[in-house]
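*Asks:* okay, sequence plus prediction incoming.
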Amino acid sequence: MSQTQMVTLYIRGVYLPGFQLIPSLMMLGFAAAFVAKRRNEDFTEATSDVPSPPAFEPLF
């Protein structure tokens, strides 16, 4: 006999009932990675006019 843990997600004022725990965590992780990537792209666009440091050249 197996039991499943159901999770209710609340996103932007909307309840999404009846998701299982592991797939819900995977969906939230995917969404977090997507948001982090978009924020990183926005940051690089905002700092594109800043010159980058010179390339590293070893002494030997």
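*Replies:* Received the coordinates, thanks.

*Asks:* separation between residue 7 and residue 28?
*Replies:* As judged by CB to CB, to the nearest Å, residue 7 and residue 28 stand 10 Å apart. Where you see a C-beta, it was placed from the backbone N, CA and C, and this is true even at glycine.

*Asks:* before we move on, what about residue 10?
*Replies:* Taken as CB to CB, the span from residue 10 to residue 28 is 12 Å.

*Asks:* mind checking which of these two has more residues around it?
*Replies:* residue 28 (14 against 9; other CB atoms under 10 Å).

*Asks:* got a list of what that one touches?
*Replies:* Neighbouring residues of residue 28 by CB atoms under 8 Å, 6 or more residues apart in numbering: residue 9.

*Asks:* name the element it belongs to?
*Replies:* helix 21-46 (DSSP states H and E).

*Asks:* for the record, mean pLDDT for that helix?
*Replies:* For helix 21-46, the mean per-residue pLDDT is 76.

*Asks:* and that helix, what's buried?
*Replies:* Using 16 or more other CB atoms under 10 Å as the test for burial, helix 21-46 gives residue 24.

*Asks:* show me what contacts residue 23?
*Replies:* Neighbours of residue 23 in contact, by CB under 8 Å, 6+ apart: none.

*Asks:* if I look at it, how far off is residue 6?
*Replies:* 11 Å.

*Asks:* do the same with residue 36
*Replies:* 27 Å.
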